[in-house]
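# Sequence and computational prediction follow.
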Amino acid sequence: MKRRDFGLLAGTSLVTAAVARPVHAQSATPDPALLTTTLTPMGGERAGNADGSIPAWTGGLVSPPLPQDQPIETHLFEDEQPLFTVNASNMAQYADMLSEGTKFQITNYGFSLQVFKTHRTAAAPQYVYDNTAKNVTRAKLDPRGGRFGFTGAVGGPPFPIIDTSDPLVGGAQIIWNKLTAWYTYQDYSVANPGAVMIGGRLTLVAATRGYFIYPYYAPDVTPDNYDGYYSKLHVTDIAPGSVVGQESLVWHSTNVNLHPDIVWTLLNGQGRVRKAPNEAFDSPNPEGNGIDSVDESQCFYGNPSQYNWTCVGKKEMLIPYNTNKMLFTTLQALCGPHYLNPDTVRWEKHRVWVIEANLAPGNHNVNAKRRYYIDEDSWWGVLGEGYDANGTMVKGYALYNACFPSLPATCECAEMVQSFITGDYTFNGNITYAPYTEAFYTATPAPSEFEPEEMAARASF
């Protein structure tokens with residue numbers, strides 16, 4: 001659980017036909033030199049598309065680092081006007097570039113999306129590029145199955161050049177690239193609101209103060225000094241009053257066979273820190289009122305070992321992108337009864353990897369199948385759908401990225417999980433909910449912030 005993130009169409013079902021164009025099969029021993037020629041340093045296609053609607057990548061959007069006491073939120077592209085709007089009247093014209101979840105929202109709820117000029121803003125520090133090039137030859141999927149993790153890689157996407165000769169290998173590589181997507185090494189959020197929209201009513205369910213560190217991206221990380229946990233987060237509830245003071249500490253691993261994921265919680269009235277082994281997979285998110293499960297954060301988050309992951313291919317799609325405007329919008333102004341305010345959310349055309357997840361034998365999850373759309377430039381998942389055991393689409397996922405040139409990164413700023421059965425949804429992110437104003441810093445947290453012993457020492461009855 002990452003707290004930052006915090007009636008059906010008849011016959012709607014999972015379609016496993018070619019939703020994406022096949023890509024030229026890459027060798028199982030790819031050439032790192034491709035990352036300086038045809039591919040970006042992170043593994044996206046450097047060239048634009050045929051009609052120019054997706055431009056070439058020319059380095060992303062980068063600016064000098066900001067002081068640690070200065071918020072990094074940035075206004076971006078606010079003078080641009082939409083190129084066109086997609087709604088129920090013209091959805092068929094753009095159907096091939098829309099996810100199944102987006103089409104469901106348009107058809108059932110009257111959703112529309114405003115499409116703007118595409119900007120390939122994704123970038124990362126040079127040390128991340130250097131590590132990514134090294135990962136091409138040193139990263140190895142777990143021999144017991146790629147869904148369990150990988151070894152050898154640190155400091156950048158572990159598999160920037162996808163092995164498309166085997167869809168199961170390629171799918172596992174992509175989901176691990178997504179889980180370890182570049183964000184920053186460390187950061188601090190002052191007030192990260194989480195809300196639910198149920199029956200058209202917006203309710204604040206949590207506002208958290210959070211420290212985050214990503215050991216996988218430490219500037220001096222090597223395969224020898226990496227501790228096996230790609231992210232560690234420590235969040236404290238600051239609102240509403242019923243949960244003030246509760247804390248969670250979460251460690252996520254890049255190989256669950258070697259280093260199991262761990263969650264610790266501190267609940268009011270107990271005065272002690274406890275491990276929370278059930279806070280994983282499809283356990284209901286305690287802050288989602290039953291709408292979402294723990295592994296539905298960030299489209300998908302946490303331990304991927306329950307699923308076999310298949311690479312379907314790559315395609316051009318309309319996706320939420322460079323949604324910096326959302327950072328300066330209140331939840332009250334952003335959240336409508338069934339979808340976010342179309343005047344606030346920016347959509348662009350980008351290339352995405354399409355992957356599908358099917359439960360491996362012996363596993364159980366309320367989502368028997370899933371489909372995700374992974375941005376080729378940043379490796380962040382941006383859209384997705386969940387399907388029940390009958391193949392019916394029951395969930396929709398969206399991650400809204402923002403560009404932070406001072407990091408530099410184009411990465412998560414907010415997320416949404418929607419039930420297609422009820423139309424209700426959860427929303428979490430770096431968004432203002434009066435009187436709690438989000439502020440996002442690259443501040444350096446004390447190492448003790450990520451140790452359960454320190455959390456226990458501060459516990460009170």
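Right, received. Where do you want to start?

# The closest residue to residue 34 other than its chain neighbours and residue 289: what is the separation?
Closest residue in space to residue 34, ignoring its immediate chain neighbours: residue 161 at 6.1 Å, by Cβ to Cβ, 6 or more residues apart in numbering. Glycine gets a C-beta too; all of them are placed from N, C-alpha and C. Distance of residue 161 to residue 289, given as Cβ to Cβ, to the nearest Å: 42 Å.

# With neighbour numbers in mind, choose between the two.
In this view residue 161 and residue 289 are compared by other Cβ atoms under 10 Å, and residue 161 has more residues nearby, 21 against 15.

# low-scoring stretches of the chain, by residue?
The model of the chain has pLDDT under 70 over residues 1-28, 460-461.

# Can you tell me the element the one residue sitting closest to the centre of it falls in?
Closest to where the C-alpha atoms of the chain average out (Cα atoms, centre = their mean) is residue 298, at 3.5 Å. Element membership of residue 298 [criterion: DSSP states H and E] is none; it lies in no helix or strand.

# Go ahead and confirm it touches residue 382.
No: the pair residue 298 / residue 382 is not scored as a contact, 10.0 Å apart, by Cβ atoms under 8 Å.

# quick one: common contacting residues for those two?
residue 399 (Cβ atoms under 8 Å, 6 or more residues apart in numbering).

# neighbours around the spatially closest residue to residue 377 that is not a sequence neighbour, how many?
Across the structure, with Cβ to Cβ, 6+ apart as the measure, the residue nearest residue 377 apart from its sequence neighbours is residue 122 (3.8 Å). Neighbours of residue 122 under the rule other Cβ under 10 Å: 29.

# Residue 438 too?
Residue neighbour count, defined by other Cβ under 10 Å, stands at 22 for residue 438.

# quick one: contacts for it?
Residues in contact with residue 438 (Cβ under 8 Å, 6+ apart) are 73, 189, 190, 191, 192, 193, 327, 430, 431, 432.

# now do residue 118
Taking Cβ under 8 Å, 6+ apart as the contact definition, residue 118 lies against 53, 54, 55, 321, 348, 349, 350.

# Residue 316 too?
For residue 316, the contacting residues are 49, 53, 54, 97, 349, 350, 351, 352, by Cβ under 8 Å, 6+ apart.

# what's the farthest-apart pair in those residues?
53 and 352 (14.3 Å; Cβ to Cβ).

# Leaving out sequence neighbours, find the closest residue to residue 257.
Nearest residue to residue 257 in three dimensions, chain neighbours excluded: residue 148, at 4.9 Å (Cβ to Cβ, 6+ apart).

# And residue 455, by the same measure?
residue 273 (5.2 Å).

# correct me, but the residue nearest to residue 257 touches residue 254?
No: under the criterion of Cβ under 8 Å, residue 148 makes no contact with residue 254, lying 10.0 Å away.

# what about the two, which has more around it?
In this view residue 148 and residue 254 are compared by other Cβ under 10 Å, and residue 254 has more residues nearby, 26 against 19.

# what separates the more buried one from residue 172, distance-wise?
If you measure residue 254 against residue 172 using Cβ to Cβ, the figure is 12 Å.

# for residue 224, same thing?
Using Cβ to Cβ, one obtains 24 Å as the distance from residue 224 to residue 172.

# Compare those two and say which is more crowded by neighbours.
Neighbours were counted for residue 224 and for residue 172 using other Cβ under 10 Å; residue 172 has more, 28 against 6.

# which residues touch the more buried one?
By Cβ under 8 Å, 6+ apart, the contact list for residue 172 reads 141, 145, 146, 147, 304, 309.

# what sits against the closest residue to the fourth one other than its chain neighbours?
Going back to what we said before, that points to residue 147. Excluding its sequence neighbours, the residue lying closest to residue 147 (Cβ to Cβ, 6+ apart) is residue 305, at 4.9 Å. Residues in contact with residue 305, defined by Cβ under 8 Å, 6+ apart, are 145, 147, 148, 149, 256, 360.

# change it to 7 Å
Listed by Cβ atoms under 7 Å, 6 or more residues apart in numbering, the contact set of residue 305 reads 147, 148, 256.

# where's the second one relative to residue 176, distance?
Yep, that's residue 148 we're talking about. Counting by Cβ to Cβ, the gap from residue 148 to residue 176 is 10 Å.

# same check, this time on the last one
Taken as Cβ to Cβ, the spacing of residue 256 relative to residue 176 amounts to 11 Å.

# Between the two, tell me which one has more neighbours.
Relative neighbour count places residue 176 above the other of residue 256 and residue 176, with 27 against 18, counting by other Cβ under 10 Å.

# The more buried one and residue 150 touch, don't they?
Yes: taking contacts as Cβ atoms under 7 Å, residue 176 lies within contact range of residue 150: 5.6 Å.
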